[in-house]
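Undergrad: Below are the sequence and a predicted model for it; my questions follow.
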Amino acid sequence: MDLLLANAYFLSLDAEEQKVMRPHPPLGLLYLSSHLKSRGFTVGVFDGTFRSLEAFADALSRDRPRVVGVAVNMMTKRNALAMMAIARQHGARIVVGGPDPPYHAESYLQHGADVVVIGEGEQTLEELLPALSSSEADWSTINGIVFKGADGSVVRTPSRSLLPELDRQPFPDRSAIDVSSYLDAWRERHGFGTVSLITARGCPYTCTWCSRSVFGESHRRRSATNVADEVEAIVDRYHPERLWYADDVFAIHRAWTLEYARELERRRIRLPFECISRAERIDDAVADALASLGCVRVWIGAESGSQRVLDAMKRRVVLDQVRATSERLRRRGIQVGMFIMLGYDGEELSDLQATVDHLKRTSPDIFLTTVSYPIKGTPYYAAVADRLSSPKPWHQSTDRDLIVRGRPQRRYYDFARRWMTAEVAKDQHWRRGHYASAARSASSALVGRLGMAMTSHWRER
């Protein structure tokens with residue numbers, strides 16, 4: 001085997017995801033697999049989602065790949081480092097890529113990687129695999145990689161151009177994994193099976209906290225016909241009850257969305273789905289198209305109810321647009337989900353109160369909260385870099401564990417999330433006449449608010 005691509009995510013080690021049970025296959029690896037197979041390489045995929053580190057070791061013993069490629073994000077970093085050590089024990093060369101390695105390349109090299117791939121990996125791996133098998137190859141001629149030179153110095157080659165025409169890429173290699181395991185997990189927990197796909201790569205927006213380490217600031221769309229072809233193939237082979245459009249931002253190009261809706265209608269394909277989009281990109285025509293496609297929920301990165309904080313984040317959206325789009329979607333029977341971020345640099349209690357007020361007014365069907373964390377390589381990280389510290393060594397921590405000195409401690413945000421969630425729930429219960437539930441939520445909100453008052457002076461050091 002020329003290459004074993006490895007997904008370092010293990011559901012058995014993720015207690016939170018076990019509660020939610022919404023797993024999705026590693027599409028990035030599956031795109032790499034189909035591309036390399038189309039170029040004549042022998043490629044396997046180890047998908048750790050429903051497996052274990054022991055199973056990974058068994059796969060290495062059985063397949064004896066010359067090269068192991070590990071995809072790494074913040075959530076899977078610790079698992080990936082363990083897999084790298086196992087692969088090294090089996091005599092394989094190790095390549096790492098994904099969102100996390102580009103800005104930590106030297107550390108990954110120090111912990112056993114031979115090469116770090118920066119950005120999209122299809123063309124880079126196509127060049128790199130033969131070079132890894134040759135003792136005379138000059139790695140410095142391969143764009144988009146980082147490695148250690150003969151003298152031990154770290155060599156970073158020029159950036160590689162992004163793939164210009166995504167329609168030329170083969171569909172992700174779903175045959176390389178057990179898709180039925182995902183469908184079964186969804187059906188057992190939610191009553192329907194879901195298959196994910198992407199219609200574009202990258203996001204053209206400028207949010208200061210968002211990492212662009214793989215796709216840069218590009219936004220490259222596949223044609224509506226090409227995406228419809230993939231959906232048709234998914235339906236024919238897997239018969240899912242739903243789809244998940246895993247784009248960073250779906251339906252932000254008005255003409256494309258309307259064309260895609262017409263194309264699926266022409267093929268008489270209509271599957272319920274969820275997606276993430278931008279509030280200001282959804283006008284009446286786009287909302288109609290989403291409804292005709294079968295959209296059941298749109299997730300909006302609302303992030304804050306404070307315009308001051310949104311502007312600091314460079315979100316390029318105003319609150320009225322979020323409220324108008326929420327109502328526009330609800331009128332068409334489409335649920336609204338929102339992502340809310342607490343703790344962005346400079347946020348004050350008045351901003352948190354504004355967010356609670358905003359959520360009450362928009363009344364999303366569901367909202368999820370997270371506490372902001374600076375990802376290396378982002379403008380947010382650069383802005384707070386002189387106040388950052390890590391409580392653990394690099395190999396035991398991620399950017400998510402970084403401490404921003406001077407910010408309220410995590411306990412404060414635990415109470416803030418409780419207050420926010422309960423306060424909004426109280427309002428929704430009251431409107432629906434569920435007064436007992438409203439009273440319980442009010443009690444929980446009070447606990448959260450008191451906790452915030454007690455911990456507001458506790459600051460990270």
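TA: On my side now, so go ahead.

Undergrad: any idea which helix or strand carries residue 59?
TA: According to DSSP states H and E, residue 59 maps onto helix 53-63.

Undergrad: strands paired with whatever helix or strand comes next after that helix, and their directions?
TA: Counting by DSSP H and E, the next helix or strand C-terminal to helix 53-63 is strand 67-71. Strand 67-71 has its sheet partners listed here by DSSP bridges as strand 3-7 (parallel), strand 93-97 (parallel).

Undergrad: residues making contact with the first one?
TA: Read it as strand 3-7. 26, 29, 32-33, 36, 41-49, 56, 59-60, 63, 65-71, 76, 83, 87, 92, 125, 129 (CB atoms under 8 Å, 6 or more residues apart in numbering). Backbone N, C-alpha and C define where each C-beta goes, glycine included.

Undergrad: Buried among the residues you listed? Make that a ChimeraX selection.
TA: Here is the ChimeraX command that selects the buried residues among the contacts of strand 3-7 (16 or more other CB atoms under 10 Å):
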select :26,29,32,33,36,41,43,44,45,46,47,48,49,56,59,60,65,67,68,69,70,71,76,83,87,92,125,129
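
Undergrad: Show me the shaky parts of this structure.
TA: For the chain, no stretch has pLDDT under 70.

Undergrad: Number of residues surrounding the nearest residue to residue 75 once chain neighbours are set aside?
TA: Among residues not flanking residue 75 along the chain, residue 9 sits closest, at 7.0 Å (CB to CB, 6 or more residues apart in numbering). Look at residue 9: counted by other CB atoms under 10 Å, it has 22 neighbours.

Undergrad: Surely residue 9 is in contact with residue 74?
TA: No - Residue 9 is beyond contact range of residue 74, at 11.4 Å (criterion: CB atoms under 8 Å).

Undergrad: distance of residue 19 from residue 11?
TA: Distance, residue 19 to residue 11, by CB to CB, to the nearest Å: 11 Å.

Undergrad: between these two, which one's more packed in?
TA: residue 11 (16 against 8).

Undergrad: List the residues that contact the closest residue to the more buried one other than its chain neighbours.
TA: Of all residues not flanking residue 11 in the chain, residue 49 sits nearest, at 5.2 Å (CB to CB, 6+ apart). Residue 49 sits next to 7, 9-11, 23, 25-26, 181-182 when contact means CB under 8 Å, 6+ apart.

Undergrad: Please repeat the previous calculation with a cut-off of 6 Å.
TA: Contact analysis of residue 49 by CB atoms under 6 Å, 6 or more residues apart in numbering lists 9, 11, 23.

Undergrad: do the same with residue 73
TA: 98-100 are the contacts of residue 73 under CB under 6 Å, 6+ apart.

Undergrad: Looking at these, spot the one nearest residue 135.
TA: Taking CB to CB as the measure, residue 98 is the one of the contacts of residue 73 closest to residue 135, at 27.8 Å.

Undergrad: now the contacts of residue 73 in TSV, with secondary structure and neighbour count?
TA: Shown next, in TSV, are those (DSSP: H, G, I helix; E, B strand; the rest coil; neighbours: other CB atoms under 10 Å):
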residue	secondary structure	neighbour count
98	coil	25
99	coil	20
100	coil	27
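
Undergrad: Closest to residue 148 out of those?
TA: Nearest to residue 148 among the contacts of residue 73, with distances taken as CB to CB, is residue 100, at 18.8 Å.

Undergrad: how close does the closest one get to residue 330?
TA: For residue 100, the distance to residue 330 - CB to CB - is 37 Å.

Undergrad: care to break the protein down by domain?
TA: Residue ranges for the domains of the chain, per automatic domain parsing: 3-156, 192-372, 408-461.

Undergrad: Quote the end-to-end distance of the second one.
TA: Distance between the boundary residues of domain 192-372 (CA to CA, to the nearest Å) amounts to 32 Å.

Undergrad: Now do the host helix or strand of residue 286: distance to the chain's middle.
TA: Assigned by DSSP H and E, residue 286 falls within helix 284-293. Relative to the chain's own centre, helix 284-293 is displaced by 25 Å; criterion: CA atoms, centre = their mean, to the nearest Å.

Undergrad: How far away from the center of its chain is the helix or strand that that helix is followed by?
TA: Remark: after helix 284-293, the chain's next helix or strand is strand 295-303, criterion DSSP H and E. Distance, stretch centre to chain centre, for strand 295-303: 14 Å (CA atoms, centre = their mean).

Undergrad: do stretch 99-106 as well
TA: Per CA atoms, centre = their mean, the centroid offset for stretch 99-106 relative to its chain is 16 Å.

Undergrad: buried stuff in it?
TA: 99-105.

Undergrad: Next up, the contacts around residue 394.
TA: By CB under 6 Å, 6+ apart, the contact set of residue 394 is residue 107.

Undergrad: Does residue 351 belong to a helix, a strand or coil?
TA: helix (DSSP: H, G, I helix; E, B strand; the rest coil).

Undergrad: so it makes contact with residue 303?
TA: No - counting by CB atoms under 6 Å, residue 351 does not reach residue 303; the two are 10.9 Å apart.

Undergrad: in the stretch 151-300 of the chain, which spans are helices?
TA: Remark: helices assigned in the stretch 151-300 of the chain by DSSP state H, counting those that start in this stretch are 179-190, 224-238, 254-266, 284-293.
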